[in-house]
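Peer 1: structure of the sequence below:
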Amino acid sequence: RRPNTSCPHAPAVMGALLYQANEDVVNAFAYYNKGSETELAVLRVTMEGEVFVLCDENTVPGPQAFTPEDHLGSGTTACYLLVQQPSRTTWNFITYIPNECPTRDRVLFASGRESLKIELGRDLFCPKEV
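Peer 2: Numbers count the residues shown, from 1 in each chain. Purely as a prediction, here's the structure:
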């Protein structure tokens, strides 16, 4: 796990985005993106209103040890899983929206994923979404 330290806020591009990540999301992503851990990071992010919130952060020993089901929490709440790849500089972006999610949440998560990618650095994510 990463130490709890304060880091600068997200880039100024945030003001132009419809949704914004809170400081915990930005700090956790920046910490793991430095590649200082020996294991791969898995960050679970959800939305509260129009703010991306870090729900959980875990590590796995390698890609073969990652199964999405282990990181979805209750499995009844929509979330994004940001999964670090072995290169340590590339991430997979998984959107999980369960069938029982209210329509409003479905719309928020569908429209919010691009904002989160832009805020964290779109070029750091694999082009293919899951």
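Peer 1: ok, the spatially most central residue of the chain - contacts?
Peer 2: Residue closest to the average C-alpha location in the chain (C-alpha atoms, centre = their mean): residue 82, at 3.9 Å. Counting by C-beta atoms under 8 Å, 6 or more residues apart in numbering, residue 82 touches 29, 41-43, 45, 91-94, 120. In this view, the C-beta of every residue, glycine as well, is placed from N, C-alpha and C.
Peer 1: relative to residue 75, how far out is residue 99?
Peer 2: Distance of residue 99 to residue 75, given as C-beta to C-beta, to the nearest Å: 11 Å.
Peer 1: out of these two, which sits in the busier spot?
Peer 2: Ranked by neighbour count (other C-beta atoms under 10 Å), residue 99 and residue 75 place residue 75 first, with 11 against 6.
Peer 1: distance of the more buried one relative to residue 50?
Peer 2: 24 Å.
Peer 1: same question, residue 57
Peer 2: 22 Å.
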